[in-house]
Each structure stands twice: as structure tokens, then as C-alpha cells.
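> Provided below are the primary sequence and the corresponding predicted coordinates.
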Amino acid sequence: MTAGRLPGSRAATAVPRGPGRRLLDRTVARPSTAAWVGLLAVTVFFGVQAPDLLTPAGVAGVLDTAALLGIGALAVGLLLIAGHIDLSTGMVAVASALATGLLVTEAGWGIWPALAASLAGSLLVGLLNGWLVVRTGLPSFLVTLAAFLVLEGAAFALTRAIAGTTVIQGLDQAPGWSSARTVFDSSVEWDDAFFRISVLWWLGLVALASWALWRTALGNAIFAVGGARRAARELGVPVRRTTLTLFCGTAAAGWLVGTLGLVRITTASGDASLMPSIEFLVAAVIGGCLLTGGYGSAVGTAVGALIYGVARFGITLAGWDPLWFQAFLGMLLLVALLANGIVRTRLRAVPRS
Amino acid sequence: MTGPEGTPAAAVLELRRVTVRYGTVAALSRVTAAFVPGTISCVLGENGSGKSTLVEVLSGLTRPQEGELLLDGRPARWRSPRDARANGVATVWNDLSVAPLLSVWRNFCLGAEPTAGIGPLRRLDRAAAREITVRELATVGLTGVDPDQPASTLRPGERQSLAIARALHFGSRALVVDEPIAPRSVAGATQAGQALLAARARGLAVVLVTANPRYAHLVGDRFLLLAGGQVAGDLTREDVDADSLTRLMAGDDELSALSETVRRTHPER
């Protein structure tokens, strides 16, 4: 540093990068790149094992499996980007479906008022989760685990106390059922394959979330809250409001998943299991969302859900023992975590001055 | 704007008997100070003297429990740094407030994004944001940066440029600079000093919060000494030289003890 340079204060002039290097940097920096590669590998592998997978019926099956999971994974993925975890999403799906079922069969409500009420209840759970996390600073992992347990116990005990059973049937007698079926359970037949409306819901929400993430101030806030919370606070980003919004998002996604399932099978029931919530989380992580926050994409969560769908449906079509799916999912998660770790190291690497 | 030599101008930012407590500990206790346009006011103090809390109050992150913060003589009730920046008071924080995984332009406009469209369709005006970023970075001498590269690819000096350019862009009335914790190169410190002087020349009220009295005396016009959350002295450049400022800050006893030791070990000095 010579004295002659000081007055210009040009202490920091960036070295321009070459265009090829820039393109490579950007490709690697895309959150979903690894997931796309994974999807290709899984599709080729199961395409060879079970050629039926690549027929219209096979694709419809994969999409059907991926759609419900993808809706949950999307909301959980956005929350992950903001640096929080929600383990209660899957149970919100079950509990909201049970609530809708009880309101219809026991209280005699129409399906639409019942759905509105269960959505309001779900959002309340989301608000409570978010408020506890924001207010107490406790890890969201534990807060939502507690919410999961409370919901699980309360939903099943209340349902049994009121209806005498935890499987609620006869919903198709409710007023408004046919319009509800149109919105939540239409399908188009194409070449002997049924493509369900849940796929449209999923893809529409992914497009909306992707737009919000990259093109709105809320998206900037989500990335900043997860990646650099202190900087976000110092710059006046509404950290609390963003977190609350995203917790409401996971709860609403849980409600939608529950409703899509409820209307499809006209029965409200469910397993008391942490597994659905974990699967949402796994799909989001496979899709490139960092568990530590600040990084990920909406499209990535969709690709993660597709990988899951291909593997699950592929294993069925190939005639393997379904238990292999769990092992496969675990391996996939491990690979995704390792890949994400590499990406993070690359991104966080600070060039020396 | 009236400089420090002329008749005193009206204060842009003013603290009146401001008290901030964390639990039972008072981080700031009845602090009164005025920050005048075209003046660099240095807030000096040891660690734990209340410097950081003062920055938080001035930037809208913390609201005083007692007393008030005035902007142009009117009480300012900011709910967050967003409000402070909207009123032309911007801060360079000591961690530089850079989100490493966000691109440079997203970092630049974070929390105050230029938008287009209305209602639920309100979206980022990305072209404008990129253009502002490139233009404002150039004013602090940082050129050749791709606004789309992640901020993690910036070198430490470049990060400081980003933080300073951002504060100069959003701070039209007052600039609060909290000295970075991370050690800086001479070039980095020089660049920050240039930015402070440029802001003073533009008629901003500049508040420099630092623990380094020599640097403060180099660029500052006024010196506010903080100790234990209280104002221990309010001096102008005419009142003190760098050595007495250092002595005032460190407390006489420690420093004379050190000088005594130096004299004993190096009698030739």
C-alpha cells in the first residue's frame, strides 16, 4: 500500500472473475443443483429396475406421492431457510382433518365452514409455535416437538371422547361436499393415468413461494433471518413477523395436506406418528435447504419431494420389500447432508485479503 | 450547514437523560448528548461503558426506558432500525451487518428494498436495486463488483465498503459508525476515516463510537467520554490533545503506572 493510493481510498477494488468461472460459481451456488442431479440418478436407477415407472401411469403415481409430501416440504423448507424447524406439521394435518370430520359429523356443519374452522385452528397452532419460539428463544425443534405431542394426545383423546372412535366416516353426506371434491379431489384421466388436482395445488404453491422468495422483500427477509439474524435485526428486517408468518405457513400447509387426504378418502383418521413431519423435513433437506438456515429454494423442496416420490413408487413397482424405502431414504438424507455441507463450506469461504 | 467553528447549529439527534436497563443493571444512565450536523462526534469508552447500548438507542434497535431520543428537536419513537433509516439515520454496525449467503445487491437494500407494484403484487425492483448498489459502491471506491455475487465472496475491506456505502445511501441526516470488532488493515481504517470526513462535508451529524482515542482525535471534532453508562466528559478538539484524551479514557492511575514501568525498564526513553 503506497501513500499515493490512500487519498482515493481505493483499498478495496474487486478482481473481476472470468465469465466461465462465474457461470460455474452460480450453478454450484443454486440450492437445487445437487437435488436435480439426485433426481436424475434416482430416475435412471428405478427406470431400469422398474420400466413401468416411465409410463403415464407411473408418472401419475410418482406425482401423486410427491404432491402431498411436496406441499409440506415446501412450507417446512421455507421455515428451514429462516433457520427454524417444525416437527408438528404432520400432526397438524391429522388433527385438522379430525377436527373437520368432527365438526361435520358430530356438529352437523357444512364442509366449508368446518374447513374454515379447522384452518383457523391450524393457524392458531402455527401462531402459538411461532410466538413461543420468538418470545422465549427456545430451539424450535423442541417447541414444535412439544406441540406435536400435545396435538397428538389432545386430537385423538378428544376425538375418541366425542365420537367414540378415531376413524370418522360419512363425510360425503355433508352440505357442500361436491364443491369441496371439485376443489380438493378432481382428477384428469390421460392415457389410463389419473392426474390429481393435488399436483396442481403443489406446483401452484411452489411457483408462488418461489416468486415470493426471490422477487419480494419477504423473500429477502426470510434468507436474512436464517442466514444472518443479527444483521437482519440491525437493518430493521422484521425478524419476528417473518418467523411468525412462516410458522403459520407450515401450519396452513399441514391443514391443506390433511384436507386433501380427507376429501380424497372421505374419512378422517390418521396415524399418531412423527414420521410425516420428519419426511417433510427430509424432502426439504434433500432439496438443498440447509438445516442451519439462510440457504435453500422452493423448487429444491419440490425436487426433493420428487426424488422421494420416485423412490417410493419405484420400490413398489420393482416389487421390493417396502421396508427398503426407509433405508434408501436414510441414505439419501445422509448424501444430501454431506452435499449441503460442501456447498456451505464453499459459500462461507471468505477470500483472504 | 454550520461547522464546528461557527455558531452551534441545531442538533439533528439528541439524547435527553436517556436510561436503558438490562434487568437491574443500567447500561446507560441519564445520558444527555447532542449531535450536530457537519460534526464528527466521537463516543469514547472502555468495554462495558455503554457504547454499544448508545449505538442501539441511536439506531432504533433499543428504546430508552427513561428519557427520550429527539430527531430535529421532536421525540423520535422508532420501533426498529427500519424507522431510523426511513428518517435518514443509518448505522454501520461493528459486525458490518452483512448476510454472507445473500448477493451483494440484496445485502445493500436489505430491510429497505425498492419495490414496484401494489398490494400483494408488490415486488422487488431488482434493476433499480442493482443500479443503486453499483453506483453507491463506486462512490466509496469499490468498483468491479458483480452485484449478483454472494457477499461471502467479498474480502473484509470490501465488506466494510458495502456497509459504509449502504449507511451513506440511507443516512441522509446522521451517520452512526460503531468501530468494527475485527482488526482492520491501515487501508481499511483509512477508508473508513475518509468516509467519515466525506459525510461531515455533506453536513451529516456523524457519531463515531470507538475505543481508540488516537483514531478518534485524528478525525473527531467533539469527544463524549462514557464510563459506567454515564457521560464522564464532553470535550472539543480545542480542549484536548491525543495524549490527554488517551489519559482521560484509560484513567490516570493505570497509565502513570505503565509509564513508571517503562521508565524503569528503558531509562533512555
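Yep, that arrived.
> Only C-alpha atoms from now on, for both contacts and neighbour counts.
Fine.
> among the helices and strands of chain B, which has the poorest mean pLDDT?
The helix or strand of chain B with the poorest confidence is helix B:252-265; it has a mean of 69 (mean pLDDT, DSSP states H and E).
> cool, chain A as well?
Least confident element among the helices and strands of chain A, by mean pLDDT, DSSP H and E: helix A:19-29 (a mean of 65).
> Toward the C-terminus, what is the element adjacent to it?
Later in the chain than helix A:19-29, the nearest helix or strand by DSSP states H and E is helix A:33-49.
> Tell me which helix or strand comes right after that next one.
Next in sequence after helix A:33-49, counting helices and strands by DSSP H and E, comes helix A:56-81.
> Give me the next element, helix or strand, following that following helix.
helix A:89-105.
> That next one vs helix A:56-81, what angle?
Here helix A:89-105 points in a direction 110 degrees away from that of helix A:56-81 (axes from the mean of the first three to the mean of the last three Cα atoms, to 10 degrees).
> so what's residue B:106 closest to, chain neighbours aside?
Of all residues not flanking residue B:106 in the chain, residue A:220 sits nearest, at 7.0 Å (Cα to Cα, 6 or more residues apart in numbering or on different chains).
> name the element the one you found belongs to?
For residue A:220, the enclosing helix or strand under DSSP H and E is helix A:217-227.
> For that helix, enumerate the helices and strands it packs against.
Where contact means 3 or more Cα pairs under 8 Å, 6 or more residues apart in numbering or on different chains; DSSP states H and E, helix A:217-227 is packed against helix A:56-81, helix A:197-215, helix A:229-234, helix A:239-265.
> Now mean neighbour count, mean pLDDT and distance to residue B:202 too, for these, in CSV please.
Listed next are those as CSV, based on neighbours: other Cα atoms under 10 Å in any protein chain shown; pLDDT from 0 to 100; distance: least, Cα to Cα, whole Å:
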stretch, mean neighbour count, mean pLDDT, distance to residue B:202
helix A:56-81, 27, 94, 40
helix A:197-215, 18, 95, 34
helix A:229-234, 22, 93, 24
helix A:239-265, 24, 95, 33
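> secondary structure class for the residue positioned nearest the centre of chain B?
The C-alpha lying nearest the average C-alpha coordinate of chain B belongs to residue B:177 (Cα atoms, centre = their mean; 1.4 Å). Here residue B:177 is recorded as strand under DSSP: H, G, I helix; E, B strand; the rest coil.
> I'd assumed residue B:209 was in contact with it.
Yes - with contact defined as Cα atoms under 8 Å, residue B:177 counts as touching residue B:209 (6.0 Å).
> sorry, back to before: distance to chain B added to the helices and strands packed on helix A:217-227, as a markdown table?
Output for the helices and strands packed on helix A:217-227, formatted as a markdown table (distance: least, Cα to the nearest Cα, whole Å):
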| stretch | distance to chain B |
| --- | --- |
| helix A:56-81 | 11 |
| helix A:197-215 | 5 |
| helix A:229-234 | 4 |
| helix A:239-265 | 10 |
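> Go through these and name the closest to residue A:280.
Ranking these by proximity to residue A:280 (Cα to Cα) places helix A:56-81 first, at 4.2 Å.
> can you give me the angle that closest one makes with helix A:217-227?
Using the same axes, to 10 degrees, the direction of helix A:56-81 lies 70 degrees away from that of helix A:217-227.
> Which strands or helices does helix A:56-81 pack on?
Here helix A:56-81 touches helix A:89-105, strand A:193-196, helix A:197-215, helix A:217-227, helix A:239-265, helix A:275-286, helix A:298-317, going by 3+ Cα pairs under 8 Å, 6+ apart.
> try 7 Å this time
Where contact means 3 or more Cα pairs under 7 Å, 6 or more residues apart in numbering or on different chains; DSSP states H and E, helix A:56-81 is packed against strand A:193-196, helix A:197-215, helix A:217-227, helix A:239-265, helix A:275-286, helix A:298-317.
> Compute the inter-axis angle for it and helix A:239-265.
160 degrees.
> count of neighbours near residue A:303?
Residue A:303 has 27 neighbouring residues, counting by other Cα atoms under 10 Å in any protein chain shown.
> what about residue B:45, how many neighbours?
The burial count for residue B:45: 25, using other Cα under 10 Å.
> got the contact list for it?
Neighbouring residues of residue B:45 by Cα atoms under 7 Å, 6 or more residues apart in numbering or on different chains: B:51, B:211, B:225-227, B:249.
> sorry, back to before: separation between the residue nearest to residue B:106 and residue A:237?
Going from residue A:220 to residue A:237 by Cα to Cα, to the nearest Å gives 9 Å.
> Residue A:182 sits in which helix or strand?
According to DSSP H and E, residue A:182 maps onto helix A:177-185.
> which residues touch that helix?
By Cα under 7 Å, 6+ apart, helix A:177-185 touches A:111, A:196-198, A:260, A:263-264.
> which stretches of the stretch 1-150 of chain B form helices?
With helices called from DSSP state H, counting those that start in this stretch, the stretch 1-150 of chain B shows them at B:51-59, B:81-86, B:104-109, B:126-139.
> Give me every residue in chain B that's in contact range of chain A.
B:61, B:80-82, B:97-101, B:106, B:110-111, B:113, B:123-124, B:141-145, B:152-158, B:187-188, B:191 (Cα under 7 Å from any Cα of the partner chain).
> Quick one: buried ones out of those residues?
Using 16 or more other Cα atoms under 10 Å in any protein chain shown as the burial test, these include B:61, B:80-82, B:97-101, B:106, B:110-111, B:113, B:123-124, B:141-143, B:145, B:152-158, B:187-188, B:191 as buried.
> Find the residue ranges of chain A scoring beneath the pLDDT cut-off.
Chain A contains residues with pLDDT under 70 at A:1-29, A:346-353.
> Nearest to the spatial middle of it, which residue is it?
residue A:73 (1.5 Å).
> you'd agree it is up against residue A:284?
Yes - Residue A:73 lies in contact with residue A:284 (Cα atoms under 7 Å); the separation is 5.2 Å.
> where do the contact lists of those two overlap?
Jointly contacting residue A:73 and residue A:284 under the rule Cα under 7 Å, 6+ apart are residue A:301.
> How about residue A:117: what's its closest non-neighbour residue?
Spatial nearest neighbour of residue A:117, excluding adjacent residues (Cα to Cα, 6+ apart): residue A:100 at 7.6 Å.
> Quick check, the one you found in contact with residue A:113.
No - using Cα under 7 Å, residue A:100 makes no contact with residue A:113, being 8.9 Å away.
> which of these two has more neighbours?
More neighbours surround residue A:100 than the other of residue A:100 and residue A:113, with 29 against 15 (other Cα under 10 Å).
> quick one: the more buried one and chain B, what's the gap?
Using Cα to the nearest Cα, to the nearest Å, we find residue A:100 at a distance of 29 Å from chain B.
> Identify the residues contacting that residue.
A:114-115, A:118.
> Quick check: of those residues, which has the highest neighbour count?
residue A:118 (25 neighbours).
> if I pick that residue, what's in contact with it?
So residue A:118 contacts A:96, A:99-100 (Cα under 7 Å, 6+ apart).
> one more time with 6 Å
By Cα atoms under 6 Å, 6 or more residues apart in numbering or on different chains, the contact list for residue A:118 reads A:96, A:100.
> And the one 4 residues further on, by the same measure?
Residues in contact with residue A:122, defined by Cα under 6 Å, 6+ apart, are residue A:251.
> that's a strand at it, yeah?
No - looking at residue A:122 with three-state DSSP, it is helix, so not inside a strand.
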